[in-house]
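**Q** Could you look at this predicted model? Sequence included:
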Amino acid sequence: MTTPLADSAQVTAEFKRAMRRLASTVTIISTADVNGNRHGMTATAVNSLTMDPPSLLICVNHSASIHSTLIGRGRFCVNVLTTEHEDLVSAFSGRLKGDARFEVGEWRNEDSGMPYLEGAQSNLFCDIDSVVPFGTHSVVIGRVSAVRVEEGIRPLIFADGKLGATQSLTGHVRIASNLSTLTQFLPTDLETFLKKHPLIDVHLEEKVSTAVVTAVQENACDIGLIVEGPKVGGLEVIPYRDDRLVLTVPENHPLAGKSSVKFADTLDYDYVGLHTGSQINLQIQRAAAELDKAWRCRMQVHTYDALAAMVQAGLGIGMLPLKMAHLYAKAMNIKVVELDETWAQRRHAIVIRSYDSLQAAGKRLIDHLKRTSQLGDSRAEEPAREEAHA
């Protein structure tokens, strides 16, 4: 045990070390001014005060961007986070500013306009009773006026300077994904998921989007990822990501010097296509039929690698998602040309029979994919905690 010392700097340093050993549930304090402008911050300095009346206290740094709005409005909400809310900690600890923070997570407004997090462990709506200044902070006492509680207990914990779950979840999740979603988005999303849940076993199989829908409908997999287009027959559809199709051509091709082309102008050239049933092929065939022109598909391959190699060899032009096309263009002698067509913009989606029918591991993965889709391609960072309190 450390002996107390009179030196204030030493006491402060030891106090910080001691607090790192005090595990705390992570929350987001949210409020809004009278004009509806929302403010929020992560906080661990939240404690119940009395049961009669129901009340709690929070500690807010005077320099925090939320401070003046919270005190001025006289009302706030404590959103208790779950293990699936790590991305929100990063957003509300300084990575994002102002109302942009509320673009991460599913936020709603209660009747008085107070923002609260849908799917939080719990939401406690409070009216400020009193404010006690102390040092660099204000100790705010709130009377609890309303409470929302989710079933299940899985709080997000902060201890020793890092986030961690209170329990390890086990289970098995079967995924079927189309090639575009699998190559562009799933690797990063599954990597971050399995780092948080190493005991969950994920089985992934590639299929064309129509086959993915069938697999989910027939319970051959738990979660499907498709490019929107196939009929989903009563399945629950969750938006996931967007991408855009572009043209890839050999370096010396007549179209190589163009920044963008109409699809009709490409139909005079031979194509390298993907395998039968792929969503890209189906989109090309539909677009050609609408123009009443033939699509000259010289050969078909199963992978983006093979398609890019054939294009580089001058055997045809090909269509790829923008992200993949740029990767190949950096490594191969091919050029990327934008397609001036609205149908080139595509939406990827998650399909499931129903969220309620999933096991806990499947629900956890769906929650994670929804959250990463809100962040786009940005990776979750360690919380900056510029406004959080140990």
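**A** Ah, there it is.

**Q** Would you mind confirming that residue 352 makes contact with residue 215?
**A** No - the pair residue 352 / residue 215 is not scored as a contact, 11.4 Å apart, by C-beta atoms under 8 Å. Just so you know, the C-beta spots here come from the backbone N, C-alpha and C atoms, and that holds for glycine as well.

**Q** Can you list the neighbours in contact with stretch 260-271?
**A** Stretch 260-271 has contacts (C-beta atoms under 8 Å, 6 or more residues apart in numbering) with 247, 253, 255, 284, 287-288, 291, 293-298, 315-319, 337-341.

**Q** Mind checking which of the residues you listed land in strands?
**A** Among the contacts of stretch 260-271, the members falling in strands are 247, 297-298, 318-319, 337-339 (criterion: DSSP state E).

**Q** Map the structural domains onto the sequence of this structure.
**A** For the chain, automatic domain parsing gives the domain ranges 8-164, 170-375.

**Q** Surely residue 110 and residue 147 touch.
**A** No - applying C-beta under 8 Å as the test, residue 110 and residue 147 come out as separate, 11.5 Å apart.

**Q** Looking at these two now, which is surrounded by more residues?
**A** Neighbours were counted for residue 110 and for residue 147 using other C-beta atoms under 10 Å; residue 110 has more, 15 against 12.

**Q** Contact partners for that one?
**A** Counting by C-beta under 8 Å, 6+ apart, residue 110 has contacts 77, 116, 125, 146.

**Q** quick one: which of these is nearest to residue 175?
**A** Residue 175 lies nearest to residue 116 out of these, by C-beta to C-beta, at 31.5 Å.

**Q** returning to what we had before: I'd like to know which of the domains of the chain has the weakest mean confidence.
**A** Lowest mean pLDDT of the domains of the chain: domain 8-164, a mean of 90.

**Q** Next secondary structure element downstream of the strand or helix carrying residue 190?
**A** Here residue 190, judged by DSSP states H and E, is contained in helix 186-196. For helix 186-196, the following helix or strand on the C-terminal side (DSSP H and E) is strand 200-206.

**Q** In the ones in strands among the contacts of stretch 260-271, find the pair that's most separated.
**A** Between any two of those (C-beta to C-beta), the greatest distance is 22.7 Å, for 298 and 338.

**Q** of the ones in strands among the contacts of stretch 260-271, closest to residue 366?
**A** residue 319 (30.2 Å).

**Q** Is the closest one in contact with residue 243, as I believe?
**A** No - with contact defined as C-beta under 8 Å, residue 319 does not count as touching residue 243 (11.9 Å).

**Q** List the buried residues of the top helix by length along the chain.
**A** Ordering each helix of the chain by length in residues (DSSP state H) puts helix 360-375 first. Within helix 360-375, the residues scored as buried using 16 or more other C-beta atoms under 10 Å are 361-375.

**Q** repeat for stretch 24-33
**A** Buried residues in stretch 24-33 (16+ other C-beta under 10 Å): 24-32.

**Q** got the CA positions of stretch 228-240 in PDB?
**A** Output of stretch 228-240 as PDB, limited to C-alpha atoms (Å, rounded to 0.1, in the frame of the first residue of the first chain):
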ATOM      1  CA  GLU A 228     -29.900  -4.600 -53.200                       C
ATOM      2  CA  GLY A 229     -31.800  -5.800 -56.200                       C
ATOM      3  CA  PRO A 230     -33.100  -9.400 -55.500                       C
ATOM      4  CA  LYS A 231     -36.500  -9.800 -54.100                       C
ATOM      5  CA  VAL A 232     -36.200 -10.500 -50.400                       C
ATOM      6  CA  GLY A 233     -39.500 -12.300 -49.700                       C
ATOM      7  CA  GLY A 234     -40.400 -11.200 -46.200                       C
ATOM      8  CA  LEU A 235     -36.900 -10.900 -44.800                       C
ATOM      9  CA  GLU A 236     -35.800  -8.100 -42.600                       C
ATOM     10  CA  VAL A 237     -33.600  -5.700 -44.500                       C
ATOM     11  CA  ILE A 238     -31.000  -3.400 -42.800                       C
ATOM     12  CA  PRO A 239     -29.100  -0.800 -44.800                       C
ATOM     13  CA  TYR A 240     -25.300  -1.500 -44.600                       C
END
